[in-house]
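1. turn this into a structure:
(chains A, B, C and D)
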Number of protein chains: 4
Amino acid sequence: MSRLSANRWGKSEVRVSKVHRGERTDEFSDISVQVLLEGDVESAHTEGDNAAVLPTDTIRNTIYGLAQEHLTDDLEAFAFVLCQRFVARPDIDQARVSIFENIWRRQTDTGFVGGGSERRTAQVAHGRETETGAGIEGLVVLKTRGSAFAGFPRDEFTILPEAADRLLATSVTARWLYSSIPNDTTATWSLVRATIVDHFFADWSASVQHQGYMMGKRVLDAVPEISEINFHLPNQHHLPFDLTRFGLEDQGNVFHPVSEPYGDIGFTVTRD
Amino acid sequence: MSRLSANRWGKSEVRVSKVHRGERTDEFSDISVQVLLEGDVESAHTEGDNAAVLPTDTIRNTIYGLAQEHLTDDLEAFAFVLCQRFVARPDIDQARVSIFENIWRRQTDTGFVGGGSERRTAQVAHGRETETGAGIEGLVVLKTRGSAFAGFPRDEFTILPEAADRLLATSVTARWLYSSIPNDTTATWSLVRATIVDHFFADWSASVQHQGYMMGKRVLDAVPEISEINFHLPNQHHLPFDLTRFGLEDQGNVFHPVSEPYGDIGFTVTRD
Amino acid sequence: MSRLSANRWGKSEVRVSKVHRGERTDEFSDISVQVLLEGDVESAHTEGDNAAVLPTDTIRNTIYGLAQEHLTDDLEAFAFVLCQRFVARPDIDQARVSIFENIWRRQTDTGFVGGGSERRTAQVAHGRETETGAGIEGLVVLKTRGSAFAGFPRDEFTILPEAADRLLATSVTARWLYSSIPNDTTATWSLVRATIVDHFFADWSASVQHQGYMMGKRVLDAVPEISEINFHLPNQHHLPFDLTRFGLEDQGNVFHPVSEPYGDIGFTVTRD
Amino acid sequence: MSRLSANRWGKSEVRVSKVHRGERTDEFSDISVQVLLEGDVESAHTEGDNAAVLPTDTIRNTIYGLAQEHLTDDLEAFAFVLCQRFVARPDIDQARVSIFENIWRRQTDTGFVGGGSERRTAQVAHGRETETGAGIEGLVVLKTRGSAFAGFPRDEFTILPEAADRLLATSVTARWLYSSIPNDTTATWSLVRATIVDHFFADWSASVQHQGYMMGKRVLDAVPEISEINFHLPNQHHLPFDLTRFGLEDQGNVFHPVSEPYGDIGFTVTRD
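-> Model prediction:
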């Protein structure tokens, strides 16, 4: 004879981001949440009776629903609010909430540089042909304002609304070629990086393509030794999470970041 | 002066799964698609004019929309249909489509074992306390029929519809303890694995919890040396992709598999 | 005042492979081991006194040292031998050993196909230029005999001994182009895969390059519609682990698989 | 008839770290190198003749061998030195070297904080039992001085030399419990993080265990609301790379960082 022993259910890796909008300065939160519940669910296992099994989809929705009002930098307080909500149900007697917050470093009032694993790169070829290049990988940047996407063509598969101002995030991969090698390649690399970061945050853009082209143009302006620069700028989507489905007013500040799929944008800016 | 050189845009890692339903036997496809387009988009980069930039969200929707009619095991044919659709637009002159298909091995008429990286495990403790256990990790199984989820409680955050028959997929992690060590631990491990696989496919279930409990019960029945077995059964969601938004009849066979979040189900079945 | 509470130390992700050589037929084991010890080590934490801290490097060496005699498919027995060895020390009172075995499927007497995540691929371009190709990724193969590497140039940085017979493992990535699209692309893909696998195992080779070229040649022979095939064949090194350092006879059957660095071999075979 | 077309060989993911020792202040480099060569190796593919195939093991050794003298922050210059060395061989006519440098932020004269993906965590349980905790993950720290490991027991499997001063690197995972919840959980988290970082760099240690215990003690001293703190401190080994095998003087500043295996150290510091 067998019986159910320890058990729990819940939802893991629920990714939530939230913009805390100020007049000029925004805060940005980026968390992943795990909720595990315990309760009187033996008959769910043994009989297939789901009367006490709060669906994990509902658990996920609850996290987004409560994030709008309750998610601040006091992660423990938000976790406690979630716990309270779940254990208020008669058949749930224990909740465990774990929150993992990705750390972003503020760069401007509305711009942030993300964790990730940024790397400086160098590429040298020699022999039949000789070429020297350098680059950057994993430079993760996000801005809460200053990016639009509108005026695009529509067909029967187009449901994307036009956006006058949207959250924009990408992980910059850039590679450039030197027509002549600078005296100080480290200082040059730092100048390119600073130019990219500054113009990602400072320049309003109509698309990832537009944003990136301006960044490339500024790099060519700043460093005469660079003949061309190639960018790969995956659009790391932060999908607005529609809270009106739950009868809530949607303030437009709760997002669902997704890692797949991503918009795949690549191009080269060269001297005329 | 700078100008745009080589460039392309598109969508990467668009995951699509499709059930090809037969009378008794189903086929299952599981692909990831990348679409990269080229065309007359210089002014998008330089001026922020998006008139020719088919949104990558539309590209994604197109893949799902055409999958219902055109996705078969002839991947090249589906890729060509996608290419044709995109280059039919006046401002797109080149499309590149790459498809990556995960390989599933048929186990039953409607059951499949996935690639993944299955591992056999063993855990032995000795000293103050002695304990011998074994396990399995990364055993990925999917069935296209024979799983329901209904009768669950609803609150204001519940939008999940009840399902009389749904696609069910998980990556089984199981660990069990031996009250006495079997003579042939390899044969015993194979018997446990076969019992888990057989009952995942053969037994109709009302939930992951119900499915897993039956699997555990059968393992305890089959192997007297096992005192208890613990399961971790992440619900690897395959979300129905709503095609009616595009004016298409939705036949209910095109899905969007997601890796995060996942339903997180764990429990132990023990002897009475 | 603070004090040490629960604690343990050990070594994780110790990768060991072993060939069990038969007259014609070899067995192959591929495991990752974790050892965690507990004992009387409070003064190591509080005073920096290491007298009781068996180094984790010694723990690693012990695993390799005992693998030669004791590692079989009875993983639990090997784990127990390791536990016994460690708790025999006066200051260690508990050992926990976990073993994770990667599963390889036997293909020939001395050839195996590994877990991994094998994928079928297709690449289609259309518009200004049209091209149809297909491929395979993550096809992991290993043979315990039938591969040499000798006669290579030596300089002051060369310490690699010549090998008349070595273990050879790779994860095949192949991409090929169709000059005309076959009627049944799925059957063609299966034929290419079978040809690659069969010739990896059947043909003696003098290097990865030599092995791969023969595979490519056979594919071109077998499928007239293929105009060229490109291979990427990372040499997944299994380093012999020198047991003579421990005063043991070294039977040459215990290896240390490493994921980085890897030999990076790529080439295209085309029709004349 | 088939023939060899484009081809290259080399070594990828060769990880090299180097300490540039100053009187008081050290620099630290952490790179991954890929070398790809082209040359007259057709007969290697078609005939198995290796006379021109510089072994990828030799390529790896060359990178370590030349790093001692030539690796500085001018990555392009080091890449060029490598290229020159390889194309000086009569049968190699093209070399491509790519270098990927992980970025470390200087914290002290000899201490650095690594990229990684640092995360703040919170864990709250509520219901039958209530508990509030917080933590940190992925805090990567490395110091080039101030860490020893000696006085440990030796047996026949011990070949590790005693070290009076070694490079020490770990990725800190810490979790602590609150006996009462601080008013400002964010400020408290920052204080714990600063305490851990400061004492990792400032305190000389006799082992990872010793280092970590001091860190935990200081956290308990600094934050009265914390009742206990648990650490997981994987020893991320940087193995000295023995250059004397190549007839070079070994200055002891070139290392081979490995991700597996790792020393697995965990413990809890609690109040008395």
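
2. mind telling me what element the closest residue to A:Glu42 other than its chain neighbours is part of?
-> Distance criterion CB to CB, 6 or more residues apart in numbering or on different chains; nearest residue to A:Glu42, sequence neighbours excluded, is A:Leu4 at 5.1 Å. All C-beta spots, glycine's among them, are computed from the backbone N, C-alpha and C. Assessed by DSSP states H and E, A:Leu4 sits inside strand A:2-20.

3. and for A:Thr270?
-> Applying DSSP H and E as the criterion places A:Thr270 in strand A:262-271.

4. can you tell if that strand touches chain C?
-> No: for strand A:262-271, no contact with chain C is found by CB under 8 Å from any CB of the partner chain; the gap never falls below 15.0 Å.

5. now that strand: mean pLDDT?
-> Averaging pLDDT along strand A:262-271 yields 96.

6. tell me what that strand is packed against?
-> helix A:208-222, strand A:226-232, strand B:2-20, helix B:56-70 (3 or more CB pairs under 8 Å, 6 or more residues apart in numbering or on different chains; DSSP states H and E).

7. would you format those as JSON lines with mean neighbour count, mean pLDDT and distance to D:Lys18 included?
-> Converted to JSON lines, the helices and strands packed on strand A:262-271 look like this (neighbours: other CB atoms under 10 Å in any protein chain shown; pLDDT from 0 to 100; distance: least, CB to CB, whole Å):
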{"stretch": "helix A:208-222", "mean neighbour count": "23", "mean pLDDT": "97", "distance to D:Lys18": "29"}
{"stretch": "strand A:226-232", "mean neighbour count": "21", "mean pLDDT": "97", "distance to D:Lys18": "27"}
{"stretch": "strand B:2-20", "mean neighbour count": "20", "mean pLDDT": "95", "distance to D:Lys18": "36"}
{"stretch": "helix B:56-70", "mean neighbour count": "22", "mean pLDDT": "96", "distance to D:Lys18": "42"}
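
8. and the ones you listed: which comes nearest A:Tyr262?
-> Distance to A:Tyr262, taken as CB to CB, is lowest for strand B:2-20 among the helices and strands packed on strand A:262-271, at 5.8 Å.

9. the lengthiest helix in chain A: how far from the chain's middle?
-> For chain A, the longest helix by residue count, based on DSSP state H, is helix A:185-202. Here helix A:185-202 is found 21 Å from its chain centre; the criterion is CA atoms, centre = their mean, to the nearest Å.

10. packing partners for that helix?
-> Here helix A:185-202 touches strand A:111-114, strand A:131-143, strand A:168-178, helix A:208-222, helix D:75-87, going by 3+ CB pairs under 8 Å, 6+ apart.

11. return the set of buried residues in it.
-> For helix A:185-202, the neighbour count (16 or more other CB atoms under 10 Å in any protein chain shown) marks A:185, A:188-189, A:192-193, A:195-201 as buried.

12. same question, stretch A:34-50
-> Buried residues in stretch A:34-50, counted by 16+ other CB under 10 Å: A:34-39, A:41-46, A:48-50.

13. what does stretch A:69-88 give?
-> Buried residues in stretch A:69-88, counted by 16+ other CB under 10 Å: A:71, A:73-83, A:85-87.

14. from the chain's centroid, how far away is that stretch?
-> With CA atoms, centre = their mean, you get 22 Å for stretch A:69-88.

15. one more: stretch A:130-144?
-> That offset, for stretch A:130-144, works out to 17 Å (CA atoms, centre = their mean).

16. then that stretch to CSV, C-alphas only?
-> Only the C-alpha atoms of stretch A:130-144 are listed here, as CSV (Å, rounded to 0.1, in the frame of the first residue of the first chain):
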residue,chain,number,x,y,z
THR,A,130,45.8,41.1,-42.1
GLU,A,131,43.0,42.7,-40.1
THR,A,132,42.6,44.0,-36.6
GLY,A,133,39.3,44.5,-34.9
ALA,A,134,37.8,44.8,-31.4
GLY,A,135,34.5,44.5,-29.8
ILE,A,136,32.2,44.2,-26.8
GLU,A,137,29.7,41.5,-25.9
GLY,A,138,27.0,41.2,-23.2
LEU,A,139,26.6,44.9,-22.6
VAL,A,140,23.0,44.9,-21.3
VAL,A,141,21.2,48.2,-21.4
LEU,A,142,17.6,49.2,-20.6
LYS,A,143,15.8,52.5,-20.7
THR,A,144,12.3,53.2,-19.4
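
17. that one: which residues count as buried?
-> A:132-144.

18. repeat that for stretch A:160-170.
-> Using 16+ other CB under 10 Å as the test for burial, stretch A:160-170 gives A:160, A:166-170.

19. and which of these is nearest chain D?
-> Using CB to the nearest CB, A:Ala169 comes nearest to chain D of the buried residues of stretch A:160-170, at 15.0 Å.

20. now that closest one: how far from chain C?
-> Distance of A:Ala169 to chain C, computed by CB to the nearest CB, to the nearest Å: 28 Å.

21. before we move on, what about A:Arg3?
-> Distance from A:Arg3 to chain C, counting by CB to the nearest CB: 26 Å.

22. what about the closest residue to that residue other than its chain neighbours, how many neighbours?
-> Using CB to CB, 6+ apart and skipping residues adjacent in sequence, the residue nearest A:Arg3 is B:Asp272, 5.1 Å away. By the other CB atoms under 10 Å in any protein chain shown criterion, the neighbourhood of B:Asp272 contains 6 residues.

23. in this structure B:Asp272 contacts A:Met1, no?
-> Yes: contact criterion CB atoms under 8 Å: B:Asp272 and A:Met1 qualify, at 3.7 Å.

24. please save the CA atoms from stretch A:259-272 in PDB.
-> The C-alpha trace of stretch A:259-272 is given here as PDB (Å, rounded to 0.1, in the frame of the first residue of the first chain):
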ATOM      1  CA  SER A 259      14.000  35.500 -23.300                       C
ATOM      2  CA  GLU A 260      12.500  33.800 -26.400                       C
ATOM      3  CA  PRO A 261      11.700  34.800 -29.000                       C
ATOM      4  CA  TYR A 262      13.600  37.900 -29.500                       C
ATOM      5  CA  GLY A 263      13.700  40.500 -32.200                       C
ATOM      6  CA  ASP A 264      17.000  39.900 -34.100                       C
ATOM      7  CA  ILE A 265      18.500  43.100 -35.400                       C
ATOM      8  CA  GLY A 266      21.900  43.300 -37.100                       C
ATOM      9  CA  PHE A 267      23.700  45.900 -39.300                       C
ATOM     10  CA  THR A 268      26.900  47.600 -40.100                       C
ATOM     11  CA  VAL A 269      27.700  51.300 -40.100                       C
ATOM     12  CA  THR A 270      30.600  52.200 -42.400                       C
ATOM     13  CA  ARG A 271      32.300  55.400 -43.500                       C
ATOM     14  CA  ASP A 272      31.000  56.900 -46.700                       C
END
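
25. cool, thanks, signing off.
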